[in-house]
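1. Sequence and computational prediction follow.
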Amino acid sequence: DAGVIQSPRHEVTEMGQEVTLRCKPISGHNSLFWYRQTMMRGLELLIYFNNNVPIDDSGMPEDRFSAKMPNASFSTLKIQPSEPRDSAVYFCASSTGGRGDTQYFGPGTRLTVL
Amino acid sequence: AQSVTQLGSHVSVSEGALVLLRCNYSSSVPPYLFWYVQYPNQGLQLLLKYTTGATLVKGINGFEAEFKKSETSFHLTKPSAHMSDAAEYFCAVSDGNEKLTFGTGTRLTIIP
């Protein structure tokens, strides 16, 4: 079975440009998580969805970041406009939903903003 | 609020030696605890987890961890290190819902 799929794997863009990261969760999973990983701040939860509904977006850094989940098999994380400090690895993870359930991580998107 | 502390951002052990990675947590409710491993340029993968029941939990690749409530700890061990164990290890806690709070990670290096 395919795991969590993320695209693109690498993205290089210039400051001020819009960036869209994509995620396809594991089929049948009800919860989807977006994380950001940097050397300085470690692994941070940005937002998570349950049954396509955003449950907690308290980790979204600012209004430049937005996330959507239009259906059970697709989610996007958008940054507009992008800034150099957004450079990081962004992970998507999914789970069946519920406390204690294993989160399955995608391979990540490495974003570089010049 | 929940939090996780991983003592030692870098740990080096010789091949065949005991691996011990430390994790302490704080939680306002009985915690669920997790260890994840991250190999270079990959996402995180679950090693093991404690939810309820037996406090000694066995995971993949020969790793195990013991939940000690009195010490608020969940240390990860492996009796004999292999070169393939070189990776970054993250401890995480969930104290009431699906959200995980991760520690800052410990990079494990295996010396041949």
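-> It's in. Quick caveat: nothing in here was measured; it's all calculated off a predicted structure. Numbering: from 1, shown residues only, chains lettered A, B, ... in the order given.

2. What helix or strand is residue 76 located in?
-> I went with chain A, as the question did not name one. strand A:74-79 (DSSP states H and E).

3. To clarify, I was referring to chain B.
-> For B:Leu76, the element it lies in under DSSP H and E is strand B:73-78.

4. Just the C-alpha atoms of that strand, please, in PDB.
-> Output of strand B:73-78 as PDB, limited to C-alpha atoms (Å, rounded to 0.1, in the frame of the first residue of the first chain):
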ATOM      1  CA  SER B  73      10.300   9.000  32.100                       C
ATOM      2  CA  PHE B  74      10.100   6.900  29.000                       C
ATOM      3  CA  HIS B  75      13.700   6.000  28.100                       C
ATOM      4  CA  LEU B  76      14.500   4.100  24.900                       C
ATOM      5  CA  THR B  77      16.900   1.200  25.000                       C
ATOM      6  CA  LYS B  78      18.500  -1.400  22.800                       C
END
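
5. when you scan it, is anything in it near chain A?
-> No. Residues of strand B:73-78 are not located near chain A by Cβ under 8 Å from any Cβ of the partner chain, the shortest gap being 14.0 Å. C-betas here are computed from N, CA, C, even on glycine.

6. which helices and strands sit right next to that strand?
-> strand B:19-21, strand B:24-26, strand B:32-38, strand B:44-50, strand B:64-68, strand B:87-94 (3 or more Cβ pairs under 8 Å, 6 or more residues apart in numbering or on different chains; DSSP states H and E).

7. and it, which residues are buried?
-> For strand B:73-78, the neighbour count (16 or more other Cβ atoms under 10 Å in any protein chain shown) marks B:73-76, B:78 as buried.

8. Chain B contacts on chain A?
-> Checking chain A against chain B by Cβ under 8 Å from any Cβ, the hits are A:4, A:31, A:33, A:42-43, A:45, A:48, A:50, A:55-56, A:91, A:93, A:95, A:97-108.

9. who touches the residue nearest to A:Ala72 when sequence neighbours are not counted in this structure?
-> Of all residues not flanking A:Ala72 in the chain, A:Asn52 sits nearest, at 6.1 Å (Cβ to Cβ, 6 or more residues apart in numbering or on different chains). Neighbouring residues of A:Asn52 by Cβ atoms under 8 Å, 6 or more residues apart in numbering or on different chains: A:69-72.

10. List only buried entries from those residues.
-> For the contacts of A:Asn52, a burial check counting by 16+ other Cβ under 10 Å picks out A:69, A:72.

11. CA atoms only for the strand holding A:Thr76, dumped as CSV, please.
-> Output in CSV follows, covering the C-alpha atoms of strand A:74-79 (Å, rounded to 0.1, in the frame of the first residue of the first chain):
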residue,chain,number,x,y,z
PHE,A,74,-6.1,15.6,-0.6
SER,A,75,-4.7,18.5,1.4
THR,A,76,-2.7,21.6,0.6
LEU,A,77,-0.5,24.0,2.6
LYS,A,78,-0.1,27.4,1.0
ILE,A,79,2.4,30.1,1.9
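
12. Strand partners (parallel or antiparallel) of that strand?
-> strand A:19-24 (antiparallel), strand A:65-71 (antiparallel) (DSSP bridges).

13. For B:Ala65, which of these is the nearest?
-> strand A:19-24 (29.2 Å; Cβ to Cβ).
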